[in-house]
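In: how does the following fold in three dimensions:
(one chain, ligands or ions: 2)
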Amino acid sequence: MDRLLELPEELLYLWHTHRPEILLAAGILFAAARITLLWRRSKRRETLTPPLSPTEEKVSMPLQVEKEYLSNTPERTSAPILPKPGPRRVTGRKKSKTSDLSKGEGRIHVVNKLQPVIFYFTVGGSTKTYTEKLVAHLSADNKDILPPIVHDLTEIDYDDYFITAPKSEDAIPFYLLILPTYNIDTELDNFLSHLQETHHDFRIDTAPLATLAGYSVFGLGDLHEWPSEPEGYCSQAVEVDKWMARLTGRKRAFPLGMANVRDDVVGELKLWSNGVRNVMQDVVDGKGLGEGVRGSGDAIESADEEDEVDSESEQRAKPKARRTQTADLEDMKVPIPVDFTTAKPSTKSTPTLAPPKAMVPAGSPTHTSLTKQGYTIVGSHSGVKICRWTKSALRGRGSCYKYSFYGIASHLCMEATPSLSCSNKCVFCWRHGTNPVGTTWRWEVDPPDEVFEGMKRGHYSKIKMMRGVPGVRAERWNEIMGSEGGIRHCALSLVGEPIFYPHINALLAMLHAEHISTFLVCNAQHPDQLEALGPVTQLYVSIDASNKESLRRIDRPLHRDFWERFTRCMDILRRKRFTHRTVFRLTLVKGFNLEEEAEGYADLVARALPGFVEIKGVTYCGTSTAAGAGLTMQNVPFYSEVREFVLAFERALGKRGLDYGIAAEHEHSCCVLLADRGRFFRKPVGVESAVGAEDDEVVDERKWHTLIDYPAFFRCFESGETFAPEDYLGRPTPEWALWGNGGFDPRDERVDRKGRPKVV
Ligand SMILES: Cc1cc2nc3c(=O)[nH]c(=O)nc-3n(C[C@H](O)[C@H](O)[C@H](O)COP(=O)(O)O)c2cc1C
Ligand code: SF4
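Out: Ligands and ions are numbered 1, 2, ... in the order given. Just a heads-up that it's a prediction; the model follows:
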């Protein structure tokens, strides 16, 4: 017990005598313990982490392969071999939505060369000039970027460039659009509708232009008159840019450029084209369009554009919102564009619809151009013009072929249209380019009485100006301008599509009420309007081709379902042949629809059974559109070629058991008339019908009856009863107009182009 009590004293003694040794031993022990601990921890970590797989090393791609993937292709990641289970290793960047879209829905391109394709539109000509500057700037010496191809938007078929991109062996198209803005109707409205319709057409991929390497738009506008974008500055370029983003799957290669025409356009254009050039270089270098450039795939902007599509779809659906979709579709006679590709409901409010615009506003370039060409614009969408035959007939120098065939006196005839707009862009039409076009009527509508009064006023004022022209015959002058005289015929065919006018029946009734006969020409693109058409003295359908491909090439229709519309019109015409004098008008264009087409035309006759077929050689109009479509004087057939065609056509009809004969000709107009022999080759009206007679003597009495009894037509019209073309047949066709006799009235004086008497 005593030793235990002495222990603290002994420990204290030991500490005092061996303090350094004790401290050293303690330090060594502590260090050993720490080292052991650390070693044990690192050992445990080593056993949890697998050795790095050799496949995780980055494999460098050869340049060519890298190009194949462009920058838009999602990054390839080599999957590391991981033990299961274990923590997931994430490599590479997050795959963005936009990079998926911009790669063109899975299409992979080998970009060897780029083909810049520039599209422009112009009315006043300035955009064309700037386009030329752009071409010069882009045509640098670069083997990977080909010299630009340039297209005037009015001269191309949109289907060739804006439904699918043109294909080439090794060059990928890169679109550049340089566009002014017009707040009046121009071809640009039509171009925009085309882009929109293509996007919404459920038969077509939503991004059919994703195969393009990229696109960019440059707009020209007037900031002085339209001080901001919401007020319309460059608004059409903005619109085109948006639609192109959708159609290409957001391949906006460079942001929309804009220039104020009152400022430094060339400077702005240069800045933009420098940017475009750099991007094109990046693309051929395999760097792609890049990410993060405003508009080139930026996620926020892309989402904005999708929302806009949604709200537009919603806007179209809105008026029918309370009805079921099934009921809507059943009620519709014409297919409406339905976007089945857009499923996302929109949260945005519906934009308000703009009020309809005037088709041809006073002061617009179209108005100015038409006025310069001698047209009188009536109201906002109609026109009237005196034709050269009216002037010629006033001077006793011959009437047009309608006088020879149907008894129309040209000096009593008014040529007019209630719609200067059309739904075709025929290659031989002089008016295409600045004139309004559209598939539906989307303009202000003038009341029919104003249209009628305006047309007459315009016509009479022009005739009045003829009073002092040398050679005008007093008796003819009086027949139109005298107190007893007046307009007796109206050819609704001038330019545009008369049947398009929503009050066409009311206008026809007004003409008939004043005993003005009506010849109406339509383009076989509006079957519903044709079906609803009331009485007209003679109903024409222009037949410019015998098959779908030719029709697309010649008429360049705006309606996607143009052939279905055309054939429907044929069937409607067949039914109408008992109530209307129906006529096919064939315009022959050498190299387009003349050769080999007689059989096809005969098939169309078999389908529609028109009373008459007028065959006419095309008149050369010499416009840039015609030239752009490859039309020259070489495409105007000689009269001998027209005659040859007519004989082949007659044989083709005969082969089908169709009894049509060549009734009359007007050599001067390069025009020939065939008619249904069963209906119009007959005994004079009033004599018992010789149709079906077998007796040779009676057959000899039969004559062509292509002329019209106009008073009889008005009597029929006023009776309120249904009537047939046979009810207003006129006298027999004059001898001088028959096939083989040339068709010139011997009572008129023949003159040459300079007005000198012609020796026949
Ligand atoms: C009738 C008319 C309407 C126009 N409307 C607009 C417009 O709405 N917004 C705009 O920014 N510029 C507008 N402009 C200006 C044109 O876009 C601009 O002058 C352009 O350079 C014309 O190109 P062009 O000469 O190739 O036809 C209009 C010009 C005219 C003559
Ligand atoms: S029918 Fe035509 S071409 Fe003949 S006079 Fe009338 S408007 Fe002129």
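In: alpha carbons only: can I get the helix or strand harbouring Ser640 in CSV?
Out: When secondary structure is defined by DSSP states H and E, Ser640 falls within helix 639-655. Coordinates of each C-alpha in helix 639-655 appear next as CSV, following Å, rounded to 0.1, in the frame of the first residue of the first chain:
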residue,chain,number,x,y,z
TYR,A,639,-50.6,29.3,-139.3
SER,A,640,-49.6,26.3,-141.4
GLU,A,641,-48.6,24.5,-138.2
VAL,A,642,-51.8,25.4,-136.5
ARG,A,643,-53.7,24.0,-139.5
GLU,A,644,-51.7,20.8,-139.4
PHE,A,645,-52.4,20.4,-135.7
VAL,A,646,-56.2,21.0,-136.4
LEU,A,647,-56.3,18.2,-139.0
ALA,A,648,-54.5,15.8,-136.6
PHE,A,649,-56.8,16.8,-133.8
GLU,A,650,-59.9,16.2,-136.0
ARG,A,651,-58.6,12.8,-136.8
ALA,A,652,-57.9,12.1,-133.1
LEU,A,653,-61.5,13.1,-132.3
GLY,A,654,-62.8,10.9,-135.1
LYS,A,655,-60.9,7.9,-133.7
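In: which positions in that helix come out as buried?
Out: Of the residues in helix 639-655, 641-643, 645-646, 648-650, 652-653 count as buried by neighbour count, 16 or more other C-beta atoms under 10 Å. For the C-beta atoms, the positions are set from N, CA and C on the backbone; glycine is no exception.
In: would you map the strands across the stretch 601-750 of the chain?
Out: 612-617, 660-666, 671-676, 681-682, 703-704 (DSSP state E, counting those that start in this stretch).
In: could you save those strands as JSON lines and add columns showing distance to ligand 1?
Out: Shown next, in JSON lines, are those (distance: least, C-beta to the nearest ligand atom, whole Å):
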{"stretch": "strand 612-617", "distance to ligand 1": "34"}
{"stretch": "strand 660-666", "distance to ligand 1": "40"}
{"stretch": "strand 671-676", "distance to ligand 1": "37"}
{"stretch": "strand 681-682", "distance to ligand 1": "54"}
{"stretch": "strand 703-704", "distance to ligand 1": "51"}
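In: need the winner for burial among those strands.
Out: strand 671-676 (a mean of 26; mean count of other C-beta atoms under 10 Å).
In: get me the contact residues on this protein for ligand 1.
Out: Contact residues, the chain versus ligand 1 (C-beta under 6 Å from any ligand atom): 122-127, 180-184, 220-222, 226, 232-235, 261, 364.
In: center of the protein - which residue?
Out: For the chain, Leu558 is the residue whose C-alpha lies nearest the centre (C-alpha atoms, centre = their mean; 4.5 Å).
In: how about the stretch 601-750 of the chain: which residue is closest to ligand 2?
Out: Across the stretch 601-750 of the chain, the shortest distance to ligand 2 (C-beta to the nearest ligand atom) belongs to Ser669, at 8.3 Å.
In: residue contacts, that residue?
Out: By C-beta atoms under 8 Å, 6 or more residues apart in numbering, the residues touching Ser669 are 400-401, 616.
In: just put the strands of the stretch 601-750 of the chain in a markdown table and tack on mean pLDDT.
Out: Formatted as a markdown table, the strands of the stretch 601-750 of the chain follow (pLDDT from 0 to 100):
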| stretch | mean pLDDT |
| --- | --- |
| strand 612-617 | 94 |
| strand 660-666 | 95 |
| strand 671-676 | 96 |
| strand 681-682 | 92 |
| strand 703-704 | 94 |
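In: tell me which of those sits nearest to Lys113.
Out: In terms of C-beta to C-beta, the element of these nearest to Lys113 is strand 612-617, at 44.3 Å.
In: before we move on, back to that, name the helices or strands packed onto the helix holding Ser640?
Out: Under the contact criterion of 3 or more C-beta pairs under 8 Å, 6 or more residues apart in numbering; DSSP states H and E, helix 639-655 touches strand 582-588, helix 598-608, strand 612-617, strand 660-666, strand 671-676.
In: any idea how the protein splits into domains?
Out: Split into domains by automatic domain parsing, the chain comes to 101-307, 373-421+449-512, 523-760.
In: deepest of these, which one?
Out: Highest mean neighbour count among these (mean count of other C-beta under 10 Å): domain 373-421+449-512, a mean of 20.
In: still on that earlier bit, distance of the residue nearest to the centre of the chain from ligand 1?
Out: From Leu558 across to ligand 1, the span is 21 Å (C-beta to the nearest ligand atom, to the nearest Å).
In: and the host helix or strand of Gln529, what's its mean pLDDT?
Out: Assigned by DSSP H and E, Gln529 belongs to helix 527-531. Averaging pLDDT along helix 527-531 gives 94.
In: who touches that helix?
Out: Residues from elsewhere that reach helix 527-531, judged by C-beta under 8 Å, 6+ apart: 333-334, 499-500, 504, 522, 524, 541, 565, 568-569, 572-573, 576.
In: please give me every residue in contact with whichever residue of the stretch 51-200 of the chain sits closest to ligand 2.
Out: Closest to ligand 2 within the stretch 51-200 of the chain is Asp185: 25.4 Å, counting by C-beta to the nearest ligand atom. Asp185 makes contact with 357, 359-360, 364, 366, 421, 436, 438, 443, according to C-beta under 8 Å, 6+ apart.
In: just Glu665 next, same as before
Out: 404, 671-673, 737-743.
In: do Gly267 as well
Out: Gly267 touches nothing, counting by C-beta under 8 Å, 6+ apart.
In: which SS state does it fall under?
Out: helix (DSSP: H, G, I helix; E, B strand; the rest coil).
In: how close does it sit to ligand 1?
Out: In terms of C-beta to the nearest ligand atom, Gly267 sits 15 Å off from ligand 1.
In: contacting residues for the residue of the chain found nearest ligand 1?
Out: Residue nearest to ligand 1 within the chain: Gly221 (2.4 Å; C-beta to the nearest ligand atom). Contact partners of Gly221, counting by C-beta under 8 Å, 6+ apart, are 180-181, 232-235, 237, 258-261.
In: need phi/psi at the residue nearest to it when sequence neighbours are not counted.
Out: Nearest residue to Gly221, sequence neighbours excluded (C-beta to C-beta, 6 or more residues apart in numbering): Cys234, at 3.8 Å. Main-chain dihedrals, Cys234, degrees, to the nearest 10: phi 50, psi 30.
In: confidence score at Cys234?
Out: pLDDT, Cys234: 94.
In: hmm, back to that, and the contacts of the very next helix or strand once past the helix holding Gln529?
Out: Downstream of helix 527-531, the first helix or strand assigned by DSSP H and E is strand 538-543. The set of residues external to strand 538-543 that reach it, using C-beta under 8 Å, 6+ apart, is 406, 493, 517-524, 530, 533, 569-570, 573, 576, 580-587, 601, 604, 608, 610, 614, 708.
In: gap between strand 538-543 and the chain center?
Out: In terms of C-alpha atoms, centre = their mean, to the nearest Å, the centre of strand 538-543 is found 23 Å from the chain centre.
In: tilt between it and helix 598-608?
Out: With axes from the mean of the first three to the mean of the last three C-alpha atoms, to 10 degrees applied, the angle from strand 538-543 to helix 598-608 works out at 140 degrees.
In: right, is strand 538-543 up against ligand 2?
Out: No - using C-beta under 6 Å from any ligand atom, strand 538-543 stays clear of ligand 2, with a minimum separation of 10.4 Å.
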